[in-house]
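Engineer: any chance you could fold what I've pasted below:
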Amino acid sequence: MPISLGYGRPVILIRQGAFERAGLVRSAIDARYNLTDEEFRVEDGLVTIGPLPSEDLLPELIEDLEASGLVYFEDFFDLSGNWPEWLSIYVRARHPRQGVLRSRFSRGLLPSVPTDRRRFHPASLLQCSA
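Structural biologist: Numbers count the residues shown, from 1 in each chain. Below you'll find the predicted structure:
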């Protein structure tokens, strides 16, 4: 399920697998950055830290994550919170799903593609004039 992000304060998004591989512990992050339950969420492969209590914590948190072995943009990134109040932003991790379309076609969940399509050939656009 997508996670709703608030406006006005920064948020860090971390791939859950990277978070776990780095050996990070929620309780240590909560204590260091004084986070509430709503400021540390895990949903479907994505760890969301924030909105942070202060923008001043963002550079320090990024440094701590990189010191733990995480790579900026590959494993995590930040959103500034600099969007208008009237805009709702939802995030979720994207998971590679091989064979999903094939299984949906075979179960009839997606319409089938007609097999009698006429083939388009670029040469058919050429016109000869004498």
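Engineer: what sits against the residue nearest to residue 8 when sequence neighbours are not counted?
Structural biologist: Take residue 8 and drop its neighbours on the chain: the residue closest to it by CB to CB, 6 or more residues apart in numbering is residue 81, 5.1 Å away. C-beta here means a position set from N, CA and C on the backbone, and glycine is covered the same way. Residues counted as contacts of residue 81 (CB atoms under 8 Å, 6 or more residues apart in numbering) are 5, 6, 7, 8, 9, 10, 11, 50, 51.
Engineer: what is the burial count for residue 42?
Structural biologist: If you count neighbours by other CB atoms under 10 Å, residue 42 ends up with 13.
Engineer: which non-adjacent residue is nearest it?
Structural biologist: The spatial neighbour of residue 42 that comes closest, neighbours along the chain excluded (CB to CB, 6+ apart), is residue 16 at 6.3 Å.
Engineer: ok, now which ones touch the one you found?
Structural biologist: The contact partners of residue 16, taken as CB under 8 Å, 6+ apart, are 42, 45, 46, 47, 93.
Engineer: brilliant, that's me finished.
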